[in-house]
Each structure stands twice: as structure tokens, then as C-alpha cells.
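*Asks:* Give me a model of this one.
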Amino acid sequence: MNLKIEGEKVIPEVCDYLDYREYLRDYYEARKAIKSDYSYRVFTNRGDLKSPSHLKMIIDGKRNLTSKTVPKYIKALGLTSKKEKNFFELLVEYSQEKDLDTKKNFFHQLMEEKKKKGLTLIENAQFQFIANWHNVVIYVLLDIGNFPGPNEELLRLLRGDVSMKMAKESFVILQTLGLIEKNAEGNWKQSSGALSTSEDIKDIALYEYHSSMIKLGLTSLRKDPIKEREFNGVTLPISKEKLPLLKEKIRQFRKEINEYTSSMEDCTQVYQMNIQLFPLTEEIQ
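*Replies:* Just a heads-up that it's a prediction; the model follows:
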């Protein structure tokens, strides 16, 4: 993390963040540590904001920043460079955006800005791992096959349109996240590392992941013989109050299947299991 040094204390840099509320909280706490009489009122006065509790409400997620208040916050934060100002504005847009397609575009813009500053792109690797289906498939393949790296045999096994360049990028992503390591025979295998990412990154990445898997499922429905696939469905009435229970039953079933397949030996193929539950009508009033 890049930090501005002020005396013996440090002030967090806005470009290190993907959540502007988290940045504001850390900034306030750092200022408070430097000078004990620093307060929400001091911050809001510096930004010419009317309410002394405005910063607290923003940090707590009770209010959002607007096009009118963003410039005032930039002033209160002492962001002077054009890059810092632009990054903060983009960070606010990204954090407050609800539409996942638009949010994804903001995310990629943030990653580009971080890249320009030479900052760590671990967030981008986290996003790419989940969002691009072939990264997950390669990760699973490494657990059941022997691959010293991306090669023609690996590409042959992948059914989608995956190039050698894409496969090489997958290995870089998996290594960056610490998800794979080489064994004594020189083959890449899954490591004991676990993937941890923010909810924001997970949301937009899973949106891409499920979109891709739905398209691949349609391709399988068209091309694969019935004996190699299982497509099933039921249209049913649901009580809205019982929906959480139904979703939990689906999650438990998915967990049971995952545990069952994880204990299998001599696996030779990677499958995708999609369980889809979604509304086909509006509620009856």
C-alpha cells in the first residue's frame, strides 16, 4: 500500500482502494491519529459541507456522494493532483453503481489507472479468475491431470475457443493468486491457498462467470449427446416467504455434490453443473 508520510504518521493513498467509503474511514482514522482534535466537523468545514455528520453518514453507507458533494470531498481530502481527483471520482461511481455491466466497466477503468501507477493488480487477478470460465476450468484440470505448463494437450481438452495466449495468462493469474504450485515432477498442481476477494469484485465477476456458463450450457444442449449431459427443469409455484429456504436447499445439494465429486479417484474430465432458479412471473397481488 502506498502511504503519504506526515510526521511519523501515514495517510492512506486513494489509489490503493476499491471502496471509497473504506478509504474515507481509513483517512479519517489516520488524521485523528495525527491530531487528536481532528473531527468530522473539521473535515466537513474544510469541504464547505453544511452538516458536520455528513462524513459519518457517508462512511456508514447511510448516504451517497453526489456530483455536488464529490468536489467538496476532494477539497476536504486535500487531493491536489488530477490523477488523484479523477481516481476518487471514478471510485465513487464504481462503488455506488448498481448495474453490473456498468460497474464492470468502471472496474476495468480503475484497474487501468492502477496499472499506470505501477500498483499491485491483485484485484484484477481475482476478478479475471472468476469472470473467465477457462481460468476456473484450467484450475480444476491441474488437479486431475499432469501439466508442466500451458501446452497443446491442455488446449485440446478445453472445449471453448481458448488460445495459447489465454492459457498462458491463466497460469499467470493462478500463480499471482497463489492457487497453484509446481510439484516434485515439475507439474503444476493446486496449492493449499484459498481465493479471497471483496464482495464487489465477486458480484461483477460472478455475473460474467454465470453468463459464460449459460452460453456454454446452450452449446452443450445443441451439440452433446443426451448420454453425456443432463438438462432438467420444473416450473413450480412458490411462496415468496419460503424462497430463502428453497435457495438454502439448493446450496446444500450443490455442496453435497461437490463433496461427492471431490472424493472421486481417477477423474478424467471437468463438468459444469448449473442449478438455475429464477422468477418467470411477477407476484400475484
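*Asks:* tell me the SS of the closest residue to G186 other than its chain neighbours?
*Replies:* When the adjacent residues along the chain are set aside, G186 lies closest to P148, with 5.3 Å between them (C-beta to C-beta, 6 or more residues apart in numbering). To be clear about C-beta, it is placed using only N, CA and C from the backbone, and glycine gets the same treatment. State at P148, reduced to three classes by DSSP: H, G, I helix; E, B strand; the rest coil: coil.
*Asks:* quick one: the helices in the stretch 151-285 of the chain?
*Replies:* For the stretch 151-285 of the chain, the helices defined by DSSP state H, counting those that start in this stretch cover 152-157, 164-176, 199-223, 243-262.
*Asks:* from what I can see the residue nearest to G186 touches I180, true?
*Replies:* No - contact between P148 and I180 fails when scored by C-beta atoms under 8 Å: they sit 11.9 Å apart.
*Asks:* Looking only at neighbour counts, state which of these two leads.
*Replies:* Higher neighbour count among P148 and I180: I180, with 21 against 11, using other C-beta atoms under 10 Å.
*Asks:* ok, the residue nearest to the more buried one when sequence neighbours are not counted - contacts?
*Replies:* Spatial nearest neighbour of I180, excluding adjacent residues (C-beta to C-beta, 6+ apart): L174 at 4.5 Å. Contact analysis of L174 by C-beta atoms under 8 Å, 6 or more residues apart in numbering lists F129, N135, I138, Y139, L142, I180, W188.
*Asks:* quick revisit: overlap of the contact sets of P148 and I180?
*Replies:* Both P148 and I180 are in contact with W188, where contact means C-beta under 8 Å, 6+ apart.
*Asks:* Need phi/psi at the nearest residue to R63 once chain neighbours are set aside.
*Replies:* When the adjacent residues along the chain are set aside, R63 lies closest to M57, with 4.4 Å between them (C-beta to C-beta, 6+ apart). Per-residue torsions, M57: phi -70, psi -40 (degrees, to the nearest 10).
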